[in-house]
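Undergrad: Give me a model of this one.
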Amino acid sequence: MNIEQGLLSLIKRRYRAITGGFLLLGIICGCLAGYKVDHTMEAWLDQDSDSYRYYLEFIREFGDDATLLAVVNRADITPARLPGYLAFIEDIRANAGVSSVFDPVGMFLLNVEGDAIDEAVVDDLKKASAQRPADYRNVLMSRDMKTLAVLILLKQDHQALHPQIVQAVRQGLDNMGLSYHLAGTSYFSEVLAETLTHDLTVVLTGLIIITLVVMLYFLRSPVVVTCVMTGIGISLFCTLAFASGMDIQFNLLTLILYPLIFYMGITTAIHFFSRRDGGVWDLELAYAKTFRPSLIAMVTSVIGCCGFVFSPQTIMRDMGIVFPVGIFITFVVMMVFVPAAWCLLAGNGNLPCLPRAASSATVSSRSKGISLCLFAAAIVAVLLLPRLRTEPDAIYFFRDDSELIQSYRFIEDRLAGLLVMDMVVETNDGTAITTEKNIVQIRGVVNNARSLPGLTTIITPLDWLDGYREEVIMPELKQAYISGDKSKLRLTFRFRNISGSPYSGHMTDLKRLWNESAHRGLTMHVTGLLPLVLEAQDALLKTQAIVFPAILIQVTLILFLFVRSLTVLLFAFLANLLPLLLMAGAMVLLAIPINSINLFVAGVVLGVIADDTIHLLHTWHITGSVEATLVEVRPALWITTLTIVLAFTSLLFSSLRPVVQFGLLSAIAVSVAYLCDVFMLPWLLTGRRVPA
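TA: Here you go, the predicted structure:
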């Protein structure tokens with residue numbers, strides 16, 4: 001007795017216990033399934049790298065790097081609002097999660113009595129700003145003095161308080177009736193968390209509606225739909241409970257988990273309930289025809305998702321565990337719980353007739369032409385591949401019309417760039433960084449850097465050194481820019497974040513400027529959150545360039561063990577490679593670069609599109625006839641394709657651009673895979689014998 005016969009025998013004998021056990025497991029997991037979202041910028045870093053360890057030293061040396069910028073119109077701070085505004089600043093400063101607050105009103109603009117903004121001071125600052133290069137004051141005040149910004153530095157070791165601080169700033173500004181714009185790493189993280197919560201609701205709602213409509217239309221049995229939907233729910237709860245037990249936190253990649261679980265559940269169920277003999281569905285027949293191909297399809301999907309495990313970022317490595325486990329759990333639930341629940345509710349009764357697909361003769365007459373078109377499109381896609389761009393610095397998560405992007409654009413047009421890179425200059429000859437020799441060298445780098453494209457502001461303690469005397473540096477800025485032992489000095493470069501300039505280009509420019517000058521006794525490091533994100537994403541691209549071919553080889557080997565024929569293996573390989581090639585061509589035509597999220601489309605989709613290929617080849621092995629194979633499996637193939645396309649299309653409703661791209665590219669690849677499986681692969685198999 002093989003494994004499927006043993007499972008089927010167990011299901012038929014113990015279907016009540018199995019159904020009750022899985023339902024109880026689902027309830028328990030639903031209670032245990034916590035949902036912790038990791039939306040911090042640090043989550044996207046390679047925390048095992050030397051650069052990250054240096055960044056931690058940088059924070060310990062110069063202070064906290066998490067920021068929140070609140071921008072208001074100066075004209076709105078009227079004498080009537082000023083007391084409330086100053087009280088608001090003090091409340092924020094007193095928060096346990098705040099390390100420093102730089103308020104331009106309190107620092108520069110108040111009159112001697114401290115009860116009004118001194119317009120004479122405003123005029124003086126406006127004139128002075130027009131005559132000097134942009135410095136730290138231009139982060140806090142626009143050159144025309146119409147726009148002011150409160151810069152809040154948040155403690156890295158109090159990240160649990162950061163969302164509360166963002167909300168407190170919002171509420172305080174709303175209570176004063178001030179119009180405002182927010183920016184900074186903490187604000188970005190908070191908006192990302194809010195967006196994830198909203199998008200999860202939208203995507204999950206869409207998936208449930210899609211599943212109900214498709215399954216009711218195709219299977220035409222409320223009992224089957226109830227069993228399958230319950231099984232998908234159990235699978236989700238068990239997967240989320242597993243993640244909680246492993247202390248795995250979720251992120252925007254979690255949006256991809258839901259379509260994957262639904263895809264695995266729906267496709268397995270549709271293949272299972274669509275297999276008929278003379279129009280009659282039988283449990284034993286369906287199990288015998290679908291268990292083995294569904295098992296192999298599950299394995300290929302698991303392998304496709306395992307590419308996440310090799311990511312340098314912890315949150316992506318975690319998804320490399322959660323995704324395969326979720327797919328495996330869903331397979332088990334669909335092949336054990338759903339048949340048992342069906343036996344309990346329907347007593348292994350018959351199912352309604354399925355909607356009919358086009359006749360095999362019609363398919364055969366079109367197969368050659370469609371196949372040749374697919375080959376031609378693949379050739380064009382190959383020619384387009386050199387134009388496929390990589391974008392390791394893709395941090396533009398939000399749409400151009402989103403509130404966050406609009407706020408960033410407003411702030412950068414009036415104040416300073418929001419892409420921050422820090423250069424730490426360190427002495428290696430035992431001298432103080434503030435000696436005249438060292439300052440002259442550093443000043444040369446700063447002056448040369450002012451012409452860099454996209455640069456708006458350089459914040460440097462050189463602006464406060466008078467005759468190289470350290471004593472005149474402002475106390476609140478001294479600690480942030482000169483180390484306690486006077487061996488290091490920090491330079492902050494602010495570039496436009498919405499300009500479209502690549503982050504990697506800025507890093508290259510900074511390093512080039514440094515290397516072009518002689519620096520006796522000095523060394524330099526570029527650090528900060530965004531450079532580390534860039535470095536981790538660049539490492540991710542390089543890693544996946546190695547991992548994906550390995551995944552492709554493993555899937556090919558599994559297919560070979562399944563088909564036992566090099567010729568048939570070649571045909572199956574083409575049927576799974578062409579969708580990926582055409583997807584890459586679509587990326588070129590749609591100007592979608594490879595980034596840290598859609599990078600995983602190839603691996604995930606490879607496992608998905610191999611599903612229908614495996615079911616078709618397995619049926620061909622049984623029937624020995626291409627025509628008979630299409631008659632039996634084509635109804636399931638087109639409805640599973642429609643379901644998968646709709647499932648991934650639900651991601652198009654996300655507010656996050658990488659997730660939208662993932663959904664679009666997945667839908668394109670799955671649609672092409674259907675054409676390959678229904679037209680090209682049968683055409684190639686016509687006239688060939690089934691391998692022994």
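Undergrad: Check P163 and give its pLDDT.
TA: With respect to pLDDT, P163 scores 88.
Undergrad: Can you classify it by secondary structure?
TA: helix (DSSP: H, G, I helix; E, B strand; the rest coil).
Undergrad: Leaving out sequence neighbours, find the closest residue to it.
TA: E190 (5.3 Å; CB to CB, 6 or more residues apart in numbering). C-beta coordinates here come from the backbone N, C-alpha and C atoms, glycine included.
Undergrad: State the next helix or strand along the chain beyond the helix or strand containing that neighbour.
TA: Using DSSP states H and E, E190 sits in helix 185-219. Using DSSP H and E, the helix or strand that follows helix 185-219 in sequence is helix 222-245.
Undergrad: by contact count, what packs against the helix or strand following that next one?
TA: Per DSSP H and E, the first helix or strand lying C-terminal to helix 222-245 is helix 254-274. The contact analysis (3 or more CB pairs under 8 Å, 6 or more residues apart in numbering; DSSP states H and E) places helix 254-274 against helix 185-219, helix 222-245, helix 283-305, helix 314-332, helix 338-346, helix 601-623, helix 626-649, helix 657-675.
Undergrad: Same list (those helices) but as a markdown table, adding mean neighbour count and mean pLDDT.
TA: Formatted as a markdown table, those follow (neighbours: other CB atoms under 10 Å; pLDDT from 0 to 100):
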| stretch | mean neighbour count | mean pLDDT |
| --- | --- | --- |
| helix 185-219 | 19 | 82 |
| helix 222-245 | 21 | 91 |
| helix 283-305 | 22 | 88 |
| helix 314-332 | 22 | 89 |
| helix 338-346 | 22 | 90 |
| helix 601-623 | 25 | 82 |
| helix 626-649 | 22 | 84 |
| helix 657-675 | 23 | 88 |
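Undergrad: I'd like the ones you listed as a markdown table, with distance to I3 appended.
TA: Output for the helices and strands packed on helix 254-274, formatted as a markdown table (distance: least, CB to CB, whole Å):
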| stretch | distance to I3 |
| --- | --- |
| helix 185-219 | 26 |
| helix 222-245 | 20 |
| helix 283-305 | 8 |
| helix 314-332 | 12 |
| helix 338-346 | 14 |
| helix 601-623 | 16 |
| helix 626-649 | 22 |
| helix 657-675 | 28 |
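Undergrad: who wins for proximity to S565 among these?
TA: Closest of the helices and strands packed on helix 254-274 to S565 is helix 601-623, at 9.8 Å (criterion: CB to CB).
Undergrad: before we move on, back to that, quick one: closest of the helices and strands packed on helix 254-274 to N448.
TA: helix 185-219 (28.0 Å).
Undergrad: What distance do you get for the closest residue to T268 other than its chain neighbours to R16?
TA: Of all residues beyond its chain neighbours, the one nearest T268 is M334 (4.1 Å), with distances taken as CB to CB, 6+ apart. In this view, M334 and R16 are 19 Å apart by CB to CB, to the nearest Å.
Undergrad: out of these two, which sits in the more crowded spot?
TA: M334 (27 against 12; other CB atoms under 10 Å).
Undergrad: Might you report the residue contacts of the more buried one?
TA: 228, 231, 235, 264-265, 268-269, 272, 294 (CB atoms under 8 Å, 6 or more residues apart in numbering).
Undergrad: same thing but 6 Å
TA: Listed by CB atoms under 6 Å, 6 or more residues apart in numbering, the contact set of M334 reads 231, 265, 268-269.
Undergrad: wouldn't A575 be in contact with P682 here?
TA: No. A575 is beyond contact range of P682, at 10.0 Å (criterion: CB atoms under 6 Å).
Undergrad: Neighbour count: those two, which is higher?
TA: The neighbour count for A575 versus P682, taken as other CB under 10 Å, is higher for A575 (28 against 24).
Undergrad: Run through who's touching stretch 546-559.
TA: Counting by CB under 6 Å, 6+ apart, 300, 303, 307, 310, 569, 572-573, 602-603 sit against stretch 546-559.
Undergrad: ok, so of these, who is nearest L637?
TA: For these, the minimum distance to L637 (CB to CB) is 14.5 Å, reached by A572.
Undergrad: now N95, what's its secondary structure?
TA: Applying three-state DSSP: N95 is coil.
Undergrad: pLDDT wise, what is it at?
TA: 92.
Undergrad: and it, how many neighbours does it have?
TA: Counted with other CB under 10 Å, N95 comes out at 18.
Undergrad: Could you do I553 as well?
TA: 11.
Undergrad: Over to D118?
TA: Other residues close to D118 by other CB under 10 Å number 15.
Undergrad: if we can go back for a sec, return the backbone torsion pair for the residue nearest to T268.
TA: phi -70, psi -30 (degrees, to the nearest 10).
Undergrad: Report the separation between it and V645.
TA: For M334 relative to V645 (CB to CB), the value is 20 Å.
Undergrad: what's the answer for S371, then?
TA: 21 Å.
Undergrad: Nearest residue to G84 in space, ignoring adjacent ones along the chain?
TA: M176 (5.3 Å).
Undergrad: Phi and psi next, for that neighbour.
TA: phi -80, psi -10.
Undergrad: From T254, how far off is it?
TA: In terms of CB to CB, M176 sits 37 Å off from T254.
Undergrad: Repeat that for L529.
TA: 22 Å.
Undergrad: How about V690?
TA: Distance from V690 to T254, by CB to CB: 42 Å.
Undergrad: what does Y674 give?
TA: Taken as CB to CB, the span from Y674 to T254 is 27 Å.
Undergrad: same thing with A381?
TA: Relative to T254, and taking CB to CB, A381 is found at 31 Å.
Undergrad: Student question: in the protein, what's the helix or strand with minimum average pLDDT?
TA: Lowest mean confidence among the helices and strands of the chain (mean pLDDT, DSSP states H and E): helix 475-481, at a mean of 71.
Undergrad: Which helix or strand lies directly C-terminal to that helix?
TA: Proceeding N to C from helix 475-481, the next assigned helix or strand is strand 488-495, under DSSP H and E.
Undergrad: What is the helix or strand following that following strand packed up against?
TA: Using DSSP H and E, the helix or strand that follows strand 488-495 in sequence is helix 503-515. Counting contacts by 3 or more CB pairs under 6 Å, 6 or more residues apart in numbering; DSSP states H and E, helix 503-515 packs against helix 436-449, strand 522-527.
Undergrad: Of the ones you listed, which is nearest P579?
TA: Judging these by CB to CB, what sits closest to P579 is strand 522-527, at 40.3 Å.
Undergrad: buried residues in that closest one?
TA: 522, 524-527 (16 or more other CB atoms under 10 Å).
Undergrad: Relative to the whole chain's centre, how far out is the following helix or strand past it?
TA: Note on strand 522-527: by DSSP H and E, the next helix or strand toward the C-terminus is helix 529-563. From the chain centre to the centre of helix 529-563 is a distance of 16 Å (CA atoms, centre = their mean, to the nearest Å).
Undergrad: Give me the residues contacting the helix or strand just after helix 529-563.
TA: Remark: after helix 529-563, the chain's next helix or strand is helix 566-589, criterion DSSP H and E. Helix 566-589 is contacted from outside by 374, 377-378, 381, 384, 387-388, 556, 559-560, 563, 602, 609-610, 613, 665, 668-669, 672-673, 676-677, 681, 684, using CB under 6 Å, 6+ apart.
Undergrad: Can you name the residues in contact with the helix or strand containing L56?
TA: Assigned by DSSP H and E, L56 falls within helix 50-62. With contact meaning CB under 6 Å, 6+ apart, helix 50-62 is reached by 45, 65, 156, 480, 483, 490, 527, 532, 535.
Undergrad: Surely S371 touches W683?
TA: Yes. At 4.9 Å, S371 counts as touching W683 under the criterion of CB under 6 Å.
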